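> After the sequence you'll find the predicted model.
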Amino acid sequence: GNSVTQMEGPVTLSEEAFLTINCTYTATGYPSLFWYVQYPGEGLQLLLKATKADDKGSNKGFEATYRKETTSFHLEKGSVQVSDSAVYFCALTLNSGGSNYKLTFGKGTLLTVNP
Amino acid sequence: KAGVTQTPRYLIKTRGQQVTLSCSPISGHRSVSWYQQTPGQGLQFLFEYFSETQRNKGNFPGRFSGRQFSNSRSEMNVSTLELGDSALYLCASSATSGSGYNEQFFGPGTRLTVL
């Protein structure tokens, strides 16, 4: 089956530190990959996406590159801010077989950024 | 354009009761998916509806059911509530049902507490 594994949290960083959250996946097919963010008390927001191998998704200073050879989609940001404190979810969906509506999520990684 | 709305935002029930949650998708979106979020299991797919038809269901007992109306609004129902049903229930909508990538937009969720 399909699965997503992301690094266990929580992750605590100081403002302006470099962030990496690792994500690897297993999929029977050709997935699209996503990072979602959940701020306290809110639903999920799409942070960035990549729909094919070697694509780089980017948004708000965050980046992730779809690496088919290592089945990975690691999230990075060069300089985090306090406002980046949230839970980050790596997710995938298949692009065929009528399964494109179903997201498979990792467990989530809590990021806390201290001033 | 208004986002996905979910009502109510918070709900408290007792064991054995039933509950109905509502989701209004983004205007023009015809696909609605439901997810359950718990600290232990993370985010899990419940089911997805398109054009009033359930296309697939996740691995949940029959106590969990849903439906979609002709205006694409969706409801999910949980009967005979158990303590373990306490969770954040998230609804997501997407624009099309075709193959390939379809971005899902999430609502803020309904927080259900079962006492």
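Cool, the structure landed. Numbers count the residues shown, from 1 in each chain, chains lettered A, B, ... in the order given.

> least trustworthy helix or strand in chain B by mean pLDDT?
Of all helical and strand segments in chain B, the minimum by mean pLDDT, DSSP states H and E falls on strand B:53-57, at a mean of 87.

> Give me the buried positions along that one.
B:Arg55 (16 or more other CB atoms under 10 Å in any protein chain shown). Just so you know, the C-beta spots here come from the backbone N, C-alpha and C atoms, and that holds for glycine as well.

> beta partners of the nearest residue to A:Thr20 once chain neighbours are set aside?
Leaving aside its chain neighbours, A:Thr20 sits nearest to A:Glu76 (5.2 Å; criterion: CB to CB, 6 or more residues apart in numbering or on different chains). Under DSSP bridges, the beta-bridge partners of A:Glu76 are A:Thr20, A:Glu63.

> contacting residues around A:Glu76?
A:18-21, A:62-64 (CB atoms under 8 Å, 6 or more residues apart in numbering or on different chains).

> Is it correct that B:Met76 is in contact with B:Leu46?
Yes - with contact defined as CB atoms under 8 Å, B:Met76 counts as touching B:Leu46 (6.8 Å).

> anything in contact with each of those two?
B:34, B:64, B:66, B:89.

> So which residues on chain A come close to chain B?
Residues of chain A that fall close to chain B, judged by CB under 8 Å from any CB of the partner chain: A:32, A:36, A:42-46, A:49, A:51, A:89, A:91, A:93, A:95-96, A:98-108.

> Out of these, which end up buried?
Buried members of those, scored by 16+ other CB under 10 Å, are A:32, A:36, A:43-44, A:46, A:49, A:51, A:89, A:91, A:93, A:95, A:99-108.

> what's the span of stretch B:103-115, first residue to last?
Using CA to CA, to the nearest Å, the end-to-end distance of stretch B:103-115 comes to 35 Å.

> Excluding sequence neighbours, find me the nearest residue to A:Ser14.
Counting by CB to CB, 6+ apart, A:Asn114 is the residue found nearest to A:Ser14 once chain neighbours are left out, at 5.6 Å.

> And for B:Lys57?
B:Phe47 (4.5 Å).

> Just among the contacts of A:Glu76, which is most surrounded?
Counting neighbours by other CB atoms under 10 Å in any protein chain shown, A:Ala64 leads the contacts of A:Glu76 with 27 neighbours.

> ok, B:Ser94 - contacts?
By CB under 8 Å, 6+ apart, the neighbours of B:Ser94 are A:101, B:29, B:31, B:33, B:102-105.

> Tell me which of the residues you listed fall in strands.
Mapping those onto strands (DSSP state E) picks out B:31, B:33, B:105.
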